[in-house]
Each structure stands twice: as C-alpha cells, then as structure tokens.
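> the following comprises the amino acid sequence and a computationally predicted model.
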Amino acid sequence: MGSPLHLASATPALETVEQRSLPTTTNDPALFVWLEGASAEELDALSFGVIAMATDATVEHYNVAEGKLAGLTPSRVTGRHFFNAVAPCMNNFMVAHRFATEAEIDDTIDYVLTLRMSPKKVRLRLLKRPAGKRMYLIVERKA
C-alpha cells in the first residue's frame, strides 16, 4: 500500500514539468512575456538577435545569434551601455530616445546597421513595459 501512494504523489509532480517552446518569429505577440521568463540558455537558443538591457540600457544579455551576426562576443558587450559603448549607430531618436522616453514600447521598425560592418538591412523590434524587469531590442536580419 505504501508504493501506490508514493506513485500517486509522484505523478502530479511529473505532470507539472513544462517544456517552454521557443518563439520562432520576432513578431510573436507574447514575445515580451516569454523573454521576461527566459533563461540565458533559452535566449541563446533563439535564431534571431536579442539584446536584453536593464532600464538604464546596460546590456544584461547579448544572445549568441546576435553575437555571431554582429561579430561581437557577448562577454565584450555585457555590462556596457548599449547605445553609448556598443551600438552608437542606434543612439538616435528612432531607437535610444524611444527607450529613454517611452514607458511602454512594442514597435517594429526597418533599420540599417552601419557600425563595424557594411550596411545591413534589419528589422528591429523594440520591447519595453513599465513593470518589466528588462527592455529588449530584437534584431532580425533581412535578406
């Protein structure tokens, strides 16, 4: 009788284990919520660039995809002010100013990256919420 009770109590615990599926597109409406709960490993598994910043724009996570595409190692970028030290080409009214002045953002813009590389067309998604622990810049390379 002890065994069936043990098995019964173990079964619900097994059922609560949940596998989070990775977002496959940058336009997923639930992306902000997913990012807020993502581990570093989950962020690094994404196929598109993710720059997770503190509210002062200090880089907290620079995912592997963005590092490969931009040619910057995450260790070189993490802990630095994104708009001043990492990507001054985005320190403008289209990107940095919006993060600094808007309480909430969920917007996608076409953009051209020019720093440290030949011009690259990208689509940026800017994500920020008043109660969010981070703000996010999502980078999708255009063909």
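Arrived safely. Numbers count the residues shown, from 1 in each chain.
> how far is stretch 51-67 from where the chain is centred?
7 Å (C-alpha atoms, centre = their mean, to the nearest Å).
> next: stretch 89-102.
17 Å.
> now stretch 134-143
That offset, for stretch 134-143, works out to 7 Å (C-alpha atoms, centre = their mean).
> show me the contact partners of it.
26, 31-32, 35-36, 48-55, 57, 60, 66, 69, 82, 90, 95, 99, 105, 110, 120-128 (C-beta atoms under 8 Å, 6 or more residues apart in numbering). C-beta here means a position set from N, CA and C on the backbone, and glycine is covered the same way.
> quick one, which of those are buried?
Among the contacts of stretch 134-143, the ones that count as buried by 16 or more other C-beta atoms under 10 Å are 26, 31-32, 35, 48-53, 57, 66, 69, 82, 90, 95, 99, 105, 122-128.
> what's across from the residue nearest the centre of the chain in the sheet?
Centroid-nearest residue in the chain, with C-alpha atoms, centre = their mean: Val50, separated by 3.5 Å. The bridge-partner assignment for Val50, based on DSSP bridges, gives Ile138.
> wait, doesn't Val122 sit right on Ile109?
No: look at Val122 against Ile109 with C-beta atoms under 8 Å: they stay out of range, at 9.3 Å.
> show me where the chain has strands.
49-53, 59-62, 105-113, 120-128, 135-141 (DSSP state E).
> okay if I get these as a markdown table plus distance to Leu43?
Formatted as a markdown table, the entries for the strands of the chain read as follows, by distance: least, C-beta to C-beta, whole Å:
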| stretch | distance to Leu43 |
| --- | --- |
| strand 49-53 | 5 |
| strand 59-62 | 6 |
| strand 105-113 | 18 |
| strand 120-128 | 13 |
| strand 135-141 | 10 |
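> pipe these into a markdown table and attach distance to Ala40 and mean pLDDT per row.
Converted to a markdown table, the strands of the chain look like this (distance: least, C-beta to C-beta, whole Å; pLDDT from 0 to 100):
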| stretch | distance to Ala40 | mean pLDDT |
| --- | --- | --- |
| strand 49-53 | 9 | 98 |
| strand 59-62 | 6 | 98 |
| strand 105-113 | 23 | 96 |
| strand 120-128 | 18 | 96 |
| strand 135-141 | 14 | 96 |
